[in-house]
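Q: for reference, the sequence and a predicted model appear below.
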Amino acid sequence: MSELLVAGGQVLRPDLTVERADVLVDRDSGEVVAVDDPGALDGDETLDASDGLVVPGLVNAHTHVAMTLLRGYADDKELDAWLQEDIWPVEAELTGDDIEVGAELGLVEMIKSGTTALSDMYFHVDRIADAVERAGVRAVLGHTAVTVGKDDEAARADLQQSLDVAKELDGAADGRITTTFQPHSLTTVGEEYLRQFVPKARDADLSIHFHANETENEVDPIVDEHGVRPLEYADDLGLLTEDTYVAHGVHVDETEIELLAERGTGVAHCPASNMKLASGMAPVQRMRDAGVTVGIGTDGAASNNDLDAFDEVRDAAMIGKLAAADASAVPAEAVVEMVTRGSADLLGFDSGRVEAGANADLAVIDLDAPHLTPAHDLVSHLAYAVRGSDVRHTVCDGEVLMRDREVLTLDEAAVRERAEAHAQDLIDRAESGE
Ligand SMILES: CSC[C@H]1O[C@@H](n2cnc3c(O)ncnc32)[C@H](O)[C@@H]1O
Ligand SMILES: [Zn+2]
């Protein structure tokens with residue numbers, strides 16, 4: 001057995017207490033073997049956590065990782081205009097090579113900011129899977145299907161591809177990749193297609209992930225056409241189960257919150273994207289009070305504009321208070337729990353806790369910084385003061401992905417250079433075709 005010892009630091013325990021302890025990791029199984037008193041454990045290799053805090057690797061519950069190539073390309077618009085006028089025309093030009101390069105860039109950014117698992121929605125998913133395999137992180141991947149603007153044959157082919165990709169890639173990268181069936185949203189996939197394909201996904205035992213109730217423009221057409229709220233419509237389609245998690249969940253009323261809680265359907269909350277696109281404020285405290293599992297996602301880098309999950313944690317706490325008009329709403333403990341256990345539960349990974357038997361997905365935060373001084377309360381720091389750039393080491397599945405801020409699995413400089421070239425070329429192609 002080859003063992004990695006993360007030694008000399010403090011550890012965030014599952015009950016969100018902090019204690020001085022060492023963490024022993026079995027690299028073969030990729031699990032935490034023990035968390036014990038300083039000096040009590042031995043490993044073949046040591047990762048220095050002195051002046052550091054060992055936390056579960058953060059889990060990004062909703063993103064479009066390859067959209068890094070579009071970071072800063074189109075800002076300051078609301079969702080529909082942003083997608084239709086800027087993003088979709090450029091995405092139509094994306095090649096598999098572009099997507100792999102964009103995914104690598106996003107994964108470098110995530111590893112450097114302590115994220116060890118993500119849930120992604122996009123296309124050319126085989127290329128994203130290749131990048132995930134090399135990067136060493138854990139991911140839930142899927143091909144996202146859209147039927148609006150397509151003829152019947154193309155619409156069915158897109159949904160079939162979502163099913164096929166989910167079946168093919170499940171368990172890839174030695175089990176670090178799992179998959180979901182992904183209708184893009186309730187307004188971009190027609191009812192007849194959902195009625196046909198959702199049962200197929202259920203028959204194949206696939207989890208489902210889709211955008212829901214992100215903007216009012218997504219709610220009103222459903223109420224007008226079906227006479228019910230979007231999540232009631234989704235429930236009628238068989239979409240709401242424990243094996244489903246929706247992205248955003250901003251404009252949800254009390255009936256829909258109850259429905260999410262009853263069905264065990266989770267929500268990936270994306271506060272920065274919701275603010276930037278002026279989509280609205282998700283009622284996170286109300287959802288949590290009702291018993292809904294809420295995780296945290298960055299959404300893509302074109303609507304955020306970074307993939308630093310620590311930023312997202314802070315945003316979630318801030319906007320959660322504003323939405324509830326209550327400074328005690330969505331407190332530090334809640335957002336730390338949401339980005340670890342909450343998101344991991346949505347994705348179906350036994351991560352998000354530093355404990356024997358759990359996946360060895362960890363980040364070590366360097367506490368030796370002015371903005372982390374004094375250290376009255378490290379959970380408060382995780383929520384409000386830690387930045388992604390404070391992460392010293394990142395470990396996933398027992399493997400060290402970043403040591404002393406050097407990413408070991410991908411060549412950061414080469415990835416950035418390729419991404420710059422592909423992004424430029426992509427925009428040139430898109431704009432020359434206008
Ligand atoms: C067809 S692949 C996924 C699709 O989703 C688009 N997207 C990015 N951010 C959002 C968002 O906040 N709401 C809805 N759709 C979004 C992305 O550009 C891809 O086209
Ligand atoms: Zn999204």
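A: It's in. Ligands and ions are numbered 1, 2, ... in the order given.

Q: domain-wise, how is the chain divided?
A: Here the domain parsing of the chain from automatic domain parsing is 3-56+353-403, 58-347.

Q: what's the most buried one of the ones you listed?
A: Among the domains of the chain, domain 58-347 has the highest mean neighbour count (mean count of other CB atoms under 10 Å), at a mean of 21. Yep, even glycine has a C-beta here, placed from its N, CA and C like the rest.

Q: make sure residue 236 is actually in contact with residue 228.
A: Yes. Between residue 236 and residue 228 a contact is recorded at 7.4 Å, counting by CB atoms under 8 Å.

Q: quick one, helices of the stretch 151-300 of the chain?
A: For the stretch 151-300 of the chain, the helices defined by DSSP state H, counting those that start in this stretch cover 152-169, 191-203, 216-226, 230-236, 254-263, 271-276, 284-290.

Q: would you reformat the ones you listed as TSV and include mean pLDDT and distance to ligand 1?
A: Shown next, in TSV, are these (pLDDT from 0 to 100; distance: least, CB to the nearest ligand atom, whole Å):
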stretch	mean pLDDT	distance to ligand 1
helix 152-169	98	9
helix 191-203	98	14
helix 216-226	97	9
helix 230-236	98	14
helix 254-263	98	18
helix 271-276	98	5
helix 284-290	98	17
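
Q: of those, which is nearest residue 330?
A: helix 284-290 (5.3 Å; CB to CB).

Q: hmm, who's touching the closest one?
A: The contact list for helix 284-290 (CB atoms under 8 Å, 6 or more residues apart in numbering) reads 249, 252, 254, 257-258, 260-261, 267, 269, 294, 316, 319-320, 323-324, 326, 329-330, 334.

Q: mind checking which of these land in strands?
A: The members of the contacts of helix 284-290 that map onto strands under DSSP state E are 267, 269, 294.

Q: separation between the first one and residue 289?
A: Right, residue 267. Counting by CB to CB, to the nearest Å, the gap from residue 267 to residue 289 is 13 Å.

Q: which of the three states applies to residue 11?
A: The three-state assignment at residue 11 reads strand, by DSSP: H, G, I helix; E, B strand; the rest coil.

Q: which secondary structure element is home to the residue in the chain positioned nearest to ligand 1?
A: Of all residues in the chain, residue 144 sits closest to ligand 1, at 3.5 Å by CB to the nearest ligand atom. In this structure, residue 144 sits in strand 144-145 according to DSSP states H and E.

Q: what is that strand packed up against?
A: Other elements packing on strand 144-145 under the criterion 3 or more CB pairs under 8 Å, 6 or more residues apart in numbering; DSSP states H and E are helix 152-169, strand 177-183.

Q: return the residues of the protein in contact with ligand 1.
A: Contact residues (CB under 6 Å from any ligand atom) of the chain with ligand 1: 64, 79, 83, 87, 91, 121-123, 144, 146, 184, 211, 214, 273, 299-300, 303.

Q: just send the ones in strands among the contacts of helix 284-290 back as CSV, with pLDDT and distance to residue 344 too.
A: Shown next, in CSV, are the ones in strands among the contacts of helix 284-290 (pLDDT from 0 to 100; distance: CB to CB, whole Å):
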residue, pLDDT, distance to residue 344
267, 99, 14
269, 99, 14
294, 99, 12
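
Q: note down every partner strand of the strand holding residue 144 and its orientation.
A: Under the criterion DSSP bridges, strand 144-145 sits next to strand 177-183 (parallel) in its sheet.

Q: quick one: residue 296 and residue 343 touch, right?
A: Yes. Counting by CB under 8 Å, residue 296 touches residue 343, with 5.8 Å between them.

Q: report the set of residues contacting both of these two.
A: 59-61, 268.

Q: which of these fall within strands?
A: Checking those against DSSP E, those in strands are 59-61, 268.

Q: nearest to residue 395 among the residues you listed?
A: residue 59 (13.9 Å).

Q: excluding chain neighbours, give the residue nearest to that closest one in space.
A: Excluding the flanking residues, the one nearest residue 59 by CB to CB, 6 or more residues apart in numbering is residue 343, at 3.5 Å.

Q: longest helix in the chain, by residue count?
A: Counting residues, the longest helix found in the chain (DSSP state H) is helix 412-432.

Q: buried sites along that helix?
A: Within helix 412-432, the residues that count as buried by 16 or more other CB atoms under 10 Å are 412, 415, 418-419, 422-423, 426, 430.

Q: among the residues of the chain next to ligand 1, which lie within strands?
A: 144, 211.
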